[in-house]
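# Make a model of this:
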Amino acid sequence: MIEFKYTGDELYDRMERAVERVNDRLRKTVRALESAKIPYAVVGGYAVRVWVAQVDEAAVRTTRDVDILIRPDDLPKMIQAMTAAGFHYRQTTGLDMFVESPDGSARDAVHVVLAGEMVRPNELEANPDIEPTERANEFDTIQFESLVRMKLNSFRRKDQVHLLDMISLDMVDATWLTKFPDELAARLKELLDDPNG
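Next up is the predicted model:
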């Protein structure tokens, strides 16, 4: 049985630190990539946060990692730039990632997503290219329609939750069904038809 070890200000501090660590990891990554002039786009949960915040900041969810879309040819340059910035490169089960200490957890990593490639066997199409991007404050992120498409393509539980958040905020609706191939449209229709799962 789990018991509370932390209460009061200490508990608040731990929760705030968890969020700020992800933000710091993103800032450090962006500095490394932009200094090395490596094209990239922030994708995944952090990109969802950026787009959802445009509509309703109360609906923004935290995320535990950073996902960066790059072109495969730029991976060696990214490894060099991130290593110089203090990260440690690791490849686990075919996934490239960077952690901040040699024994760092994949949960607290910068995950590399390669444009033009598929990450998991159940995906229906390859990842999009990074272009065109949108500038979100201090970093580049993927365009909203491309992000929705990536979430439909991956369609894990957390991707479905992100899509349901977008649906609940009227960022995505039935008019979007015509934007995607049949298989991806069917996944979106499943969520639109039963948003409460």
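# for the protein, what are the low-confidence residue spans?
Residue ranges of the chain with pLDDT under 70: 1-2, 4, 6, 197.
# Going along the chain, name the strands of it.
Counting by DSSP state E, the segments of the chain that form strands are 41-43, 66-70, 88-92, 95-99, 110-114, 133-136, 139-142.
# Now do the first one: which elements does it pack against?
Looking back up the chat, that one is strand 41-43. For strand 41-43, the contact count by 3 or more C-beta pairs under 8 Å, 6 or more residues apart in numbering; DSSP states H and E identifies strand 66-70, strand 139-142 as packing neighbours. Where you see a C-beta, it was placed from the backbone N, CA and C, and this is true even at glycine.
# what angle separates the biggest helix by length in the chain from strand 110-114?
Of all segments of type helix in the chain, defined using DSSP state H, the longest is helix 8-35. Taking axes from the mean of the first three to the mean of the last three C-alpha atoms, to 10 degrees, one finds that helix 8-35 is oriented at 40 degrees with respect to strand 110-114.
# Centre of the chain to helix 8-35, how far?
Between the mean C-alpha location of helix 8-35 and the chain-wide mean there is a distance of 15 Å, by C-alpha atoms, centre = their mean, to the nearest Å.
# And it, what does it pack against?
The elements that helix 8-35 packs onto, with contact taken as 3+ C-beta pairs under 8 Å, 6+ apart, are strand 66-70, helix 75-84.
# among those, which is nearest Glu123?
Each of the helices and strands packed on helix 8-35 has some distance to Glu123 by C-beta to C-beta; the shortest is strand 66-70, at 14.2 Å.
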